[in-house]
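Trainee: 3D, please:
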Amino acid sequence: MILRGYLPDDLDAMHALDVACFERPFRFTRAAMRRFAEAAKARVVIAEEDDGLAGFVVMHVERSGAERVGYIVTLDVAAQQRRKGIAGALMLEAERQAVAAGCSMMALHVFVGNAAAIGFYESAGFERSHRVRGFYGEGLDAMVYHRVLADRG
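Mentor: This is a model prediction of the structure:
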């Protein structure tokens, strides 16, 4: 597996993977994916295997008061590539980039019904903060998770 940065030619494969990973309303349109991936505050990590895109993470460096936070916009791993450590490697690289950008914490939203993602983030040291009602639409709540980056030591 190779980890690398985003190139504009990655957009179609990223969007196709997002469509394969998530049902509506959790997936992004191609235009939204481009906006998120190409934003000035974006940090994108691509995981490649021999047969192409294995996964990716899009993180934005956000301001929260006087602090900077690495906000995970999306983390996608191809179904056939899961349980191989790719999501963990993507998150470690996103955290490394967040620290380099001066972030003191990571944060994300996850659908309350996505048990696999919740388990992954909790095993990675993220702590549940609070519930956001209707984050993904009517009746589709999200949990907010965060992790202080200083914990990695």
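
Trainee: what helix or strand does the closest residue to residue 67 other than its chain neighbours sit in?
Mentor: Ranked by C-beta to C-beta, 6 or more residues apart in numbering and with sequence neighbours excluded, the top spatial neighbour of residue 67 is residue 104, at 5.1 Å. In short, each C-beta sits where N, CA and C put it, glycine included. Using DSSP states H and E, residue 104 maps to strand 103-111.

Trainee: for that strand, which strands pair with it and how are they oriented?
Mentor: strand 67-77 (parallel), strand 142-148 (antiparallel) (DSSP bridges).

Trainee: tell me the most buried of those strands?
Mentor: By mean neighbour count, with neighbours taken as mean count of other C-beta atoms under 10 Å, strand 67-77 ranks first of the strands paired with strand 103-111 at a mean of 21.

Trainee: quick one: the residue nearest to residue 67 from residue 95, how far?
Mentor: 11 Å (C-beta to C-beta, to the nearest Å).

Trainee: between these two, tell me which one has more neighbours.
Mentor: residue 95 (21 against 15; other C-beta atoms under 10 Å).

Trainee: ok, now how distant is the more buried one from residue 16?
Mentor: From residue 95 to residue 16 the distance is 26 Å (C-beta to C-beta).

Trainee: so residue 39 sits right up against residue 60, yeah?
Mentor: Yes: using C-beta atoms under 8 Å, residue 39 is in contact with residue 60, at 6.4 Å.
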